[in-house]
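[1] Sequence plus the predicted model coming up.
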Number of protein chains: 2
Amino acid sequence: MVTIADVARHAGVAASTVSYVLSGKRSISPDTRDRVKESVRVLGYRPNASARALASQRSNVLALVIPLRTDMHVPVMMQFATAVVTTARRFDHDVLLLTADEGREGIERVAQTSLVDAMVVMDVELHDERIPVLRELSMPSVLIGHPADTAGLTCVDLDFFAAGERCVDHLADLGHRCIALLGTPSTVYERQTAFAQWTLDGFSSAAERRGIVGVETPCEHTFDAVLSTVEQLLRDHPGITGLVVQNEPIIGPLLDVLRQLGRRVPEDMSLMAICTDDFAEGQVPQLSSVALPADAIGLQAVEMLISKLEGGQVPAMTLLPAQLTARASTCPPPTRG
Amino acid sequence: MVTIADVARHAGVAASTVSYVLSGKRSISPDTRDRVKESVRVLGYRPNASARALASQRSNVLALVIPLRTDMHVPVMMQFATAVVTTARRFDHDVLLLTADEGREGIERVAQTSLVDAMVVMDVELHDERIPVLRELSMPSVLIGHPADTAGLTCVDLDFFAAGERCVDHLADLGHRCIALLGTPSTVYERQTAFAQWTLDGFSSAAERRGIVGVETPCEHTFDAVLSTVEQLLRDHPGITGLVVQNEPIIGPLLDVLRQLGRRVPEDMSLMAICTDDFAEGQVPQLSSVALPADAIGLQAVEMLISKLEGGQVPAMTLLPAQLTARASTCPPPTRG
DNA sequence: TACCATGGTCGAAGCGCTTCGATCTTGTTC
DNA sequence: GAACAAGATCGAAGCGCTTCGACCATGGTA
């Protein structure tokens, strides 16, 4: 292993000079700078991460606390994770993976041992047990999602409330008078997962504002569950002509169910989704949707974290706007026969 | 921040004694041990990770190199990742997330800066450019998957060759004489992704051994692609009565396609999958499958890595057996009318 | 009784880097 | 031409831990 002392010797300068060349924190004559850089290249020098972290009090590692629950949609999680890692690398940081089931203890551990400099926390609940920990930690953190009380926190999220509203508005604009929100599994609501709640609230609020009937029901991910949920829904509210879905995993089964029930999309039943554009465009028919910009959210979260690390001020709450794209899964409701 | 010196002072001992109490590397009198532990508890001491790593030459961090390609099945990747993280924690290690698109450079970086002690590499290709790097690195690594030449490496994988064979055998045992392997997207083959190749080889080999017709075709993930692939297949080989699928994402579309073509599963068409048991059981009908034991593979990989770190000898190649479970998607072929 | 293991503890020397203050050149300014 | 500012470089002091060798009591042995 080649150390900074080796480089210094090779270039005929002091170790501190090498350090300053590498960090740029003091001015160095072009002459010396070139000589040092050449030595670094020739020797293949790489600064030791631990030594650097110990001396500078910065590990250049971010923690990513990621949920590994089966009721969350994995590909979307993965998109968040990818965006976080990619952006972190742009700022010369690495990412330590922390599973949510380590909970408070995991967060405290990596923070108190100075393993990481800051953390991104995903899958936040309205009243999340980890939030008091984050508040006390005196280590910068950014939440993806937003809890009920955001005081003292930094949150980045899609504006799910507006997303819920947009879906209703689009259907109402098309002339639908009775629509339903096919929600997440009930366990997700019971945990008071933030995004699910906000969507629900936006949906209800917009339905009331538009004076139309908006029915809400949780829904599990399996084909059978979707089938029975939809059947129940149509039995209770035969006039439903539009559905809103806020999580990707049930969309596949839902399309199958509607086909099986003989309801064409969109002629007999309009369908709005809140999902990634990729996903919406991959379905048959292509889905009218409010985009879930996972990349943008992950990127934003890391940029804010870096900014906080550098002492910058960032807004407590950043809501990305809900953007609706009308595709092939929505149209005016069938005229009553 | 409370340091080991603070603890030492509080307990009235030398810092080295505290260290030995914590590591157990030298015997300490019960009396002192208790006093030190009490001080640790009272002061809430946590050893600084960087300092520890610098002094001991061990960061207690593993790198996980994970593919983030869109043609790989994400939930399965995630299961591997979860298993790796969970197992790593059992051995008191953390996991650094490295995306495969950082490639050789990423691996070299984390290795040469001593950011990590060892690494798990996923999504290995038959002739992977990262393998020479791993060989030279003098840092322990374990591959999930296996390349063509495993010399000097440690690999853990499902025995995909046997998995391909088992699928054929099961269908042949039921009386099928003409079957097809609906493969991965062609990009996966072009990359020579190992698992896809091995499955293919096992499939062909068993078909020949059993004296039945075994057709192979790549297949993209979209509904349209599956539809046209299956139509083409049935046009070229009308006698096909059994399908084998080796990647989860096309199973949903495939079931839809078969329904749309009026082929019942399993009465008109038997279907074998290589996928996780969870997934197989969640489909309608439940799928006969060879299990893809993601948890077991991830666990095995980390255990071997830890063993290597401790100087242990581990087998170069660990193939987990292919276990077939017959469920509702296979039955004898329809009798020719 | 003198001697030597043995267990228990300490002090000091690093691990490889960053950073602070000091020193030594230069070039400017009056 | 003396005084001074600014630029370039160095040396040393840490960062918080592990680990090595040394030391000091013991108690058992001859």
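    On my side now, so go ahead.
[2] What about A:D236, how many residues nearby?
    Neighbourhood size, A:D236 [other Cβ atoms under 10 Å in any protein chain shown]: 11. Every C-beta, even on glycine, is put in place using the N, C-alpha and C of the backbone.
[3] A:R26 versus that one, what's the distance?
    With distances taken as Cβ to Cβ, to the nearest Å, A:D236 is found 73 Å from A:R26.
[4] and the stretch 101-250 of chain A, which of its residues are near DNA strand D?
    By Cβ under 7 Å from any atom of the strand, no part of the stretch 101-250 of chain A sits against DNA strand D.
[5] Show me what from the stretch 101-250 of chain A comes close to chain B.
    Taking Cβ under 8 Å from any Cβ of the partner chain as the criterion, the stretch 101-250 of chain A approaches chain B at residues A:E102, A:R109, A:V110, A:Q112, A:T113, A:S114, A:L115, A:H221, A:T222, A:F223, A:D224.
[6] Quick check, pLDDT for the fifth one.
    Going back to what we said before, that points to A:T113. The model reports A:T113 with a pLDDT of 97.
[7] Farthest pair within the residues of the stretch 101-250 of chain A next to chain B?
    Farthest pair in those (Cβ to Cβ) is A:S114 and A:D224. Separation: 49.2 Å.
[8] who has more neighbours, the two?
    A side-by-side neighbour count of A:S114 and A:D224, using other Cβ under 10 Å, places A:S114 first with 22 against 12.
[9] List the contacts of that one.
    Neighbour list for A:S114: A:A53, A:Q57, A:S59, B:M1, B:N48, B:A49, B:S50 [criterion: Cβ atoms under 8 Å, 6 or more residues apart in numbering or on different chains].
[10] Can you tell me which of those are buried?
    Among these, those scoring as buried are A:A53, A:S59, B:N48, B:A49, B:S50 (criterion: 16 or more other Cβ atoms under 10 Å in any protein chain shown).
[11] ok, the second one to DNA strand D distance?
    When you say that, I think you mean A:S59. Separation of A:S59 from DNA strand D (Cβ to the nearest atom of the strand, to the nearest Å): 12 Å.
[12] The closest residue to that residue other than its chain neighbours: what's it in contact with?
    Distances taken as Cβ to Cβ, 6 or more residues apart in numbering or on different chains place A:A53 nearest to A:S59, at 4.2 Å, with adjacent residues excluded. Contacts for A:A53 (Cβ under 8 Å, 6+ apart) come out as A:S59, A:N60, A:S114, B:A49, B:S50, B:A53.
[13] the domain parsing of chain A - what is it?
    What automatic domain parsing lists as the domains of chain A is A:4-56, A:61-158+A:294-320, A:160-291.
[14] Give me the helix or strand of chain A that scores worst on average pLDDT.
    helix A:186-190 (a mean of 81; mean pLDDT, DSSP states H and E).
[15] So which other helices or strands are in contact with that helix?
    When contacts are defined as 3 or more Cβ pairs under 8 Å, 6 or more residues apart in numbering or on different chains; DSSP states H and E, helix A:186-190 sits against helix A:194-210.
[16] give me every residue that touches the residue lying closest to A:E220 once chain neighbours are set aside.
    Nearest non-adjacent residue to A:E220, counting by Cβ to Cβ, 6+ apart: A:P185, 4.8 Å away. With contact set as Cβ under 8 Å, 6+ apart, A:P185 has these partners: A:D71, A:P218, A:C219, A:E220, A:H221.
[17] Could you grab the helix/strand/coil label for the fourth one?
    Here A:E220 is recorded as coil under DSSP: H, G, I helix; E, B strand; the rest coil.
[18] Relative to B:D117, how far out is A:I144?
    From A:I144 over to B:D117 (counting by Cβ to Cβ), the distance is 29 Å.
[19] the more surrounded of the two?
    Each of A:I144 and B:D117 has its neighbours counted (other Cβ under 10 Å); A:I144 has more, 27 against 21.
[20] name the helices or strands packed onto the one helix or strand A:Q79 maps to?
    Element membership for A:Q79, per DSSP states H and E: helix A:74-90. Contacts defined by 3+ Cβ pairs under 8 Å, 6+ apart place helix A:74-90 against strand A:61-66, strand A:94-99, helix A:294-309, helix B:74-90, strand B:94-99.
[21] Just put those in TSV and tack on mean pLDDT.
    TSV is the format used below for the helices and strands packed on helix A:74-90 (pLDDT from 0 to 100):
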stretch	mean pLDDT
strand A:61-66	95
strand A:94-99	95
helix A:294-309	96
helix B:74-90	91
strand B:94-99	95
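[22] To A:A180, which of these lies closest?
    Ranking the helices and strands packed on helix A:74-90 by proximity to A:A180 (Cβ to Cβ) places helix A:294-309 first, at 25.6 Å.
[23] Could you list the buried residues of that closest one?
    Buried residues in helix A:294-309, counting neighbours by 16+ other Cβ under 10 Å, are found at A:294-295, A:297-309.
[24] Could you do stretch A:232-239 as well?
    Buried residues in stretch A:232-239 (16+ other Cβ under 10 Å): A:L233.
[25] Tabulate the CA atom coordinates of that stretch in CSV.
    What follows is stretch A:232-239, C-alpha atoms only, in CSV (Å, rounded to 0.1, in the frame of the first residue of the first chain):
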residue,chain,number,x,y,z
GLN,A,232,-67.4,-5.7,-4.0
LEU,A,233,-66.9,-2.2,-5.3
LEU,A,234,-69.1,-2.6,-8.3
ARG,A,235,-71.7,-4.3,-6.3
ASP,A,236,-71.9,-1.4,-3.8
HIS,A,237,-71.5,1.3,-6.4
PRO,A,238,-72.7,0.1,-9.8
GLY,A,239,-72.3,3.6,-11.2
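[26] Any chance you could list what contacts that stretch?
    A:R177, A:C178, A:A180, A:L182, A:V213, A:V215, A:T217, A:I240, A:L261.
[27] Now with 6 Å, please.
    A:C178, A:A180, A:V215 (Cβ atoms under 6 Å, 6 or more residues apart in numbering or on different chains).
[28] what is the rounded mean pLDDT of it?
    Mean predicted confidence for stretch A:232-239 is 96.
[29] repeat for stretch A:320-337
    Mean predicted confidence for stretch A:320-337 is 92.
[30] how far out from the middle of the chain is that stretch?
    Counting by Cα atoms, centre = their mean, to the nearest Å, stretch A:320-337 is centred 25 Å from the centre of its parent chain.
[31] Could you do stretch A:217-226 as well?
    23 Å.
[32] Alpha carbons only: can I get that stretch in CSV?
    C-alpha atoms of stretch A:217-226 as CSV (Å, rounded to 0.1, in the frame of the first residue of the first chain):
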residue,chain,number,x,y,z
THR,A,217,-61.0,1.1,-0.5
PRO,A,218,-57.7,-0.5,0.5
CYS,A,219,-56.6,-3.4,-1.7
GLU,A,220,-54.0,-6.2,-1.4
HIS,A,221,-51.7,-7.1,-4.2
THR,A,222,-52.8,-10.5,-5.3
PHE,A,223,-55.1,-11.3,-8.2
ASP,A,224,-57.7,-12.8,-6.0
ALA,A,225,-57.7,-9.8,-3.6
VAL,A,226,-58.1,-7.4,-6.5
